[in-house]
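>>> next one to model:
(chains A, B, C and D)
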4 protein chains.
Amino acid sequence: MPLTPEQEAEIAAQRATASPTLRATAPGMEAHLYTAHPVLDHGLVRVIDYMGDDAAICQAARVSYGRGTKAVSDDRGLIRYLMRHWHSTPFEMCEVKFHVKLPVFVARQWIRHRTANVNEYSARYSILDREFYIPAPENLAAQSTVNNQGRGQVLEGAEAARVLDLLREDAMRSYDHYEDMLTPDAEAGKLGLARELARMNLPANIYTQWYWKIDLHNLFHFLRLRADTHAQYEIRVYAETMCAIVKDWVPAAYEAFEDYRLGGVSLSGKAVEVLKRRLAGEAVTQETSGMSKGEWREFIGIWG
Amino acid sequence: MPLTPEQEAEIAAQRATASPTLRATAPGMEAHLYTAHPVLDHGLVRVIDYMGDDAAICQAARVSYGRGTKAVSDDRGLIRYLMRHWHSTPFEMCEVKFHVKLPVFVARQWIRHRTANVNEYSARYSILDREFYIPAPENLAAQSTVNNQGRGQVLEGAEAARVLDLLREDAMRSYDHYEDMLTPDAEAGKLGLARELARMNLPANIYTQWYWKIDLHNLFHFLRLRADTHAQYEIRVYAETMCAIVKDWVPAAYEAFEDYRLGGVSLSGKAVEVLKRRLAGEAVTQETSGMSKGEWREFIGIWG
Amino acid sequence: MPLTPEQEAEIAAQRATASPTLRATAPGMEAHLYTAHPVLDHGLVRVIDYMGDDAAICQAARVSYGRGTKAVSDDRGLIRYLMRHWHSTPFEMCEVKFHVKLPVFVARQWIRHRTANVNEYSARYSILDREFYIPAPENLAAQSTVNNQGRGQVLEGAEAARVLDLLREDAMRSYDHYEDMLTPDAEAGKLGLARELARMNLPANIYTQWYWKIDLHNLFHFLRLRADTHAQYEIRVYAETMCAIVKDWVPAAYEAFEDYRLGGVSLSGKAVEVLKRRLAGEAVTQETSGMSKGEWREFIGIWG
Amino acid sequence: MPLTPEQEAEIAAQRATASPTLRATAPGMEAHLYTAHPVLDHGLVRVIDYMGDDAAICQAARVSYGRGTKAVSDDRGLIRYLMRHWHSTPFEMCEVKFHVKLPVFVARQWIRHRTANVNEYSARYSILDREFYIPAPENLAAQSTVNNQGRGQVLEGAEAARVLDLLREDAMRSYDHYEDMLTPDAEAGKLGLARELARMNLPANIYTQWYWKIDLHNLFHFLRLRADTHAQYEIRVYAETMCAIVKDWVPAAYEAFEDYRLGGVSLSGKAVEVLKRRLAGEAVTQETSGMSKGEWREFIGIWG
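Okay, here's the model as predicted:
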């Protein structure tokens, strides 16, 4: 996403003027403020504001636990303890506000996370820009044959070329007609269609943008689901960009999140029993595991 | 929206079998259950389930207020009192679940109401149907010249015809290409694009559907904003359909909602002062009102 | 909790009158409706209303997944799949409303679960009853010496007797004074203190009551935390009572919840590595595990 | 609430060290940071952190409205417009974190506002301090004779003295017994009761404390209800303290809130009709108003 010179200048201006504050500041996050991280072909993620740092998580936890917590002198250890035991409220004490530019079909998945604040660009009020997501060739994948909700091998040759042509042509034609319908022409007696109606002609790969504000606990929940390998690639790249930012903001919390959530595994009671039997030397099969074929396949995928 | 014979048969079957229950039942709502209320050209609203009735609101209020509330012997009076004084929690004790079929651009507005439960048809997982919203000619309006976010006069003649042609043609072409991209052809070496990618070619007037579950307090909040004359027509017709259903479900609560919210007016402190001066016989002008031009225009719109 | 004859009669009347409904009904839940399940010495849990059943969860999931889901013909298998993959929205499509009578200190823990609807008996508006939780002798435990937030061995003899005496006497005296302060006496020129002030004299073991309404997904979250062995006994017994009710309401969902959540285990990335090394025959110690002492102790507690 | 010298020193230290930040800063709020505002006899409100300012509200609104909004060049006018038209999402883009010390019975009302983040001091984990709210004599009011949920005249003489004595004595005795039950005595074979049990002996006027974090829209909702004259005095003083802080933080937003919400009036459809008839010169009575006696009394209370 090439920024225009005006945008570059605006960001430079925002980054040029520091003010003194008594609030907790996170140096790793100050370095990100306002800077546009490019995502996909025209998307971006920018940090607009943040509240709190690793120490703020511990401070809130120590309000809850009072004097007793002084024993846990180590912030990192306390944060790992909180994450391990699902004590989520101290993580809610940090907050972050992002500016995100993203295709509409990604926005539709994203918005399902309800515990967040959103201001989206309004196509009732304003005219959308002519910017569409067209996948890079390496992301043009076939429907998975084993997963109803996933991708298989990469398309090649004529099929890939045709798909890209169709996506580009349909996007351009839809946008041409959108502009055409919108534009009044007094001489021709043309009034111009209302923006709230004309927008219905635009496909789901057009870009929109919003301000999105969320607390750290709910952001981690979002990242766990959307930075996962099963998430759709086009939202995963946003989640990964945010992961890198959060790591610089609250390094101890992010490390705990990575260990306990992103890299963690949830075992069912059945799976616990099977692992215990295997640890005791038993060769367990799907038939003797009590698991369905689907569960067994997923279990074997992790444990071999 | 013409239902298929299969759908008609399914609804008839659902409506044919009553079970005994000890729960509160609302006869007015039983009459609506499962029946598809058509909205726009292919949309619908159906009640799938409900919990509670007018009496359940009062029952919950009386838990809060204990013995003292017995004085208010009249349920209707109690409900009006609760609504007038913004005591919202008793209204949260009723719940309703709808099946809604609606254009994507309407769904995008709708989903901004976060305090609800949603299961939407997944275009990652399944193939969308070839159904698009095409406005009826009387709803094909020009951009308002006074309101950045509204409609003006109805389009006519050649302009209207051209808009409808463009909407129809672009919808059909996009859907043709969607199907084309999706469909594998082993002989031609064509794999077929993943559903989660192909859907990005579809415009915002394609229909989606979801189950939407919400409590009565939050539903009233939704209806207040979306049954309002400033709401976009295409979402307002859904809200109006729901208003008619809610009126049959909880008549006393709906009557109070209509009086205090839908038909009510919020006055600023400034507006209260102006009205008091006018009641005292003074002729107040914008200049002497302390209001801005915009506020005065809105004030005069209501009070003359 | 001995019900009064009036209460018994009221419940009998509520249970005597069935109405026909077209809604989904759960026979196992109908059997619970209105019946008071006693908890602690004066507490109770009663189901007041419910929406949905196991089939309603699947119905909502199939809206999301559309045609493709028809392959999963088995409701129980689909529900296990949804639970295993944290697909929480179909579980939100069921709702339940409880009447709960509980000590105030339990209510204070309980209310921290925010995604629920509540109407609590108001001590501003009404007078609380003279009912206090006094622990049974076997629940009178010492502070744990290893867990800052837990219980150790049971108190005995003179200490136990003294604690029970203090709790009883302070409760009775506080309530006597509450009544005294409240009661006007015109002859003596006594006005009677406002209820909203007098209540501040009452200790945290006094009983309150509320209507509490929640969707099944959030109820499971509550039950996972509060039916856990680390939860305080006095809230755990409420959670266990609800578990038994939910099992009769949505047997397949409850079975999946029991296997994947209640009986399940969350492993960190570190713990996964250690288990894999042990499965490969390595004898891992805390020193070679990469875990802290606390994590290792918890790990060994499960895996030996 | 006299702060200890240690607390004074801690606050002075926090206020002494400013860091540079690129974030939006609100000078009026920096002046409040960390400073303890005393409330009631031992309570306090302190700002721990904040995000955003008046300009951040406008910035978010302009994301929504895009280019078109540039016409509204004046931030104050835009903020008034947003408040007047219930466009709440831009106000959600500001966030504030408070440290609050408050009596438990106030905390129980406060926590009913669900859309906030809370970390409360845990009496399972730690020992509460011997601090109780004892009303000042001028706040010792009788039960209202006209309002089931309000206060009447101030208690005097012997009755007032007795109430204060009872509150003080019961508080001290309960706390003595709390300490007694908690304290182990190895020689006497006394184990000491678990903290999670001993706390149940403490009355509702004991002080607790928490960190409370909320966005500006939801804070305004809280303040509208709790700074209202019908709110209980003991929570209203907290709300009023926060109003003064918010006024310094976001002056334009607070001014709009004061005009449209705190000082505003909601009229029912019936009330609008009556006012219009009165403006037209008609003398409307309760009988001809269509309002109930209760509504009419409230109507006359405002309009005379």
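
>>> same question for stretch A:253-267, mean pLDDT?
Averaging pLDDT along stretch A:253-267 gives 96.

>>> and if you look at stretch A:194-209?
97.

>>> hmm, it in reach of chain B?
Yes. Residues of stretch A:194-209 are located near chain B by CB under 8 Å from any CB of the partner chain, namely A:194-197, A:199-205. Where you see a C-beta, it was placed from the backbone N, CA and C, and this is true even at glycine.

>>> point out where the stretch 101-250 of chain A drops to low pLDDT.
Along the stretch 101-250 of chain A, segments meeting pLDDT under 70 are nowhere present.

>>> give me the number of residues near the residue of it at minimum distance from chain C?
Closest residue of the stretch 101-250 of chain A to chain C, CB to the nearest CB: residue A:148 (4.7 Å). Neighbours of residue A:148 under the rule other CB atoms under 10 Å in any protein chain shown: 19.

>>> pretty sure it sits against residue B:122.
No. In this structure, residue A:148 is not within contact of residue B:122 by CB atoms under 8 Å, at 9.2 Å.

>>> strands along the stretch 1-150 of chain A, start to end?
A:19-21, A:37-39, A:43-51, A:95-103, A:117-120, A:141-143 (DSSP state E, counting those that start in this stretch).

>>> reformat those as a markdown table; add mean neighbour count and distance to chain B.
A markdown table is the format used below for the strands of the stretch 1-150 of chain A (neighbours: other CB atoms under 10 Å in any protein chain shown; distance: least, CB to the nearest CB, whole Å):
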| stretch | mean neighbour count | distance to chain B |
| --- | --- | --- |
| strand A:19-21 | 16 | 31 |
| strand A:37-39 | 18 | 16 |
| strand A:43-51 | 24 | 13 |
| strand A:95-103 | 24 | 7 |
| strand A:117-120 | 23 | 7 |
| strand A:141-143 | 20 | 4 |
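
>>> on that earlier part again, and which of the residues of stretch A:194-209 next to chain B is nearest to chain D?
Of the residues of stretch A:194-209 next to chain B, the one sitting nearest to chain D (CB to the nearest CB) turns out to be residue A:195, at 9.3 Å.

>>> quick one, what contacts the closest one?
A:123-127, A:182, B:143 (CB atoms under 8 Å, 6 or more residues apart in numbering or on different chains).

>>> select only the buried ones of those residues in ChimeraX?
Burial among those is assessed by 16 or more other CB atoms under 10 Å in any protein chain shown; the matching ChimeraX selection reads:
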select /A:123,124,125,126,182 /B:143
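
>>> residue A:291: which of the contacts of residue A:195 is nearest?
residue A:123 (48.0 Å; CB to CB).

>>> sec struct for residue A:212, please.
Here residue A:212 is recorded as strand under DSSP: H, G, I helix; E, B strand; the rest coil.

>>> repeat that for residue A:248.
helix.

>>> so how many other residues sit close to the closest residue to residue A:136 other than its chain neighbours?
In this structure, residue A:136 finds its nearest non-sequential neighbour in residue A:41, 7.3 Å apart by CB to CB, 6 or more residues apart in numbering or on different chains. Residues near residue A:41, counting by other CB under 10 Å, number 15.

>>> the helix or strand hosting residue A:223 close to chain C?
When elements are assigned from DSSP states H and E, residue A:223 belongs to helix A:216-226. Yes. Using CB under 8 Å from any CB, helix A:216-226 reaches chain C at residue A:225.

>>> contacts for stretch A:116-124?
A:107, A:111, A:128, A:195-196, A:199, A:202, A:208-214, A:218, A:222, B:112, B:149, B:232, D:60-61, D:63-66, D:89-90, D:92-93, D:215.

>>> pull it out as CSV, backbone CA atoms only.
The C-alpha coordinates for stretch A:116-124 follow below in CSV (Å, rounded to 0.1, in the frame of the first residue of the first chain):
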residue,chain,number,x,y,z
ALA,A,116,-14.8,-3.7,20.9
ASN,A,117,-15.6,-0.1,19.8
VAL,A,118,-15.8,0.7,16.2
ASN,A,119,-16.2,3.8,13.9
GLU,A,120,-16.4,2.7,10.3
TYR,A,121,-16.2,4.9,7.2
SER,A,122,-19.9,5.4,6.2
ALA,A,123,-20.8,4.8,2.6
ARG,A,124,-24.2,6.4,3.2
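
>>> where do the helices sit along the stretch 51-200 of chain A?
For the stretch 51-200 of chain A, the helices defined by DSSP state H, counting those that start in this stretch cover A:54-65, A:75-84, A:104-110, A:157-182, A:195-198.

>>> tell me the helices and strands packed up against the second one.
It refers to helix A:75-84. Counting contacts by 3 or more CB pairs under 8 Å, 6 or more residues apart in numbering or on different chains; DSSP states H and E, helix A:75-84 is packed against helix A:54-65, helix A:251-257, helix C:293-303.

>>> can you say which of those is nearest to residue C:158?
helix A:54-65 (31.9 Å).

>>> so the closest one versus helix A:216-226, what angle?
120 degrees (axes from the mean of the first three to the mean of the last three CA atoms, to 10 degrees).

>>> residue with max distance from the center of chain A?
Computed with CA atoms, centre = their mean, the maximum C-alpha offset from the centroid of chain A is found at residue A:187, amounting to 47.8 Å.

>>> how much space separates the nearest residue to residue A:130 once chain neighbours are set aside from chain D?
Distance criterion CB to CB, 6+ apart; nearest residue to residue A:130, sequence neighbours excluded, is residue A:175 at 5.0 Å. Per CB to the nearest CB, to the nearest Å, residue A:175 is found 16 Å from chain D.

>>> same question for residue A:296.
Between residue A:296 and chain D the distance is 41 Å, computed by CB to the nearest CB.

>>> for that residue, what are its contacts?
Residue A:296 neighbours (CB under 8 Å, 6+ apart): A:286, A:289.
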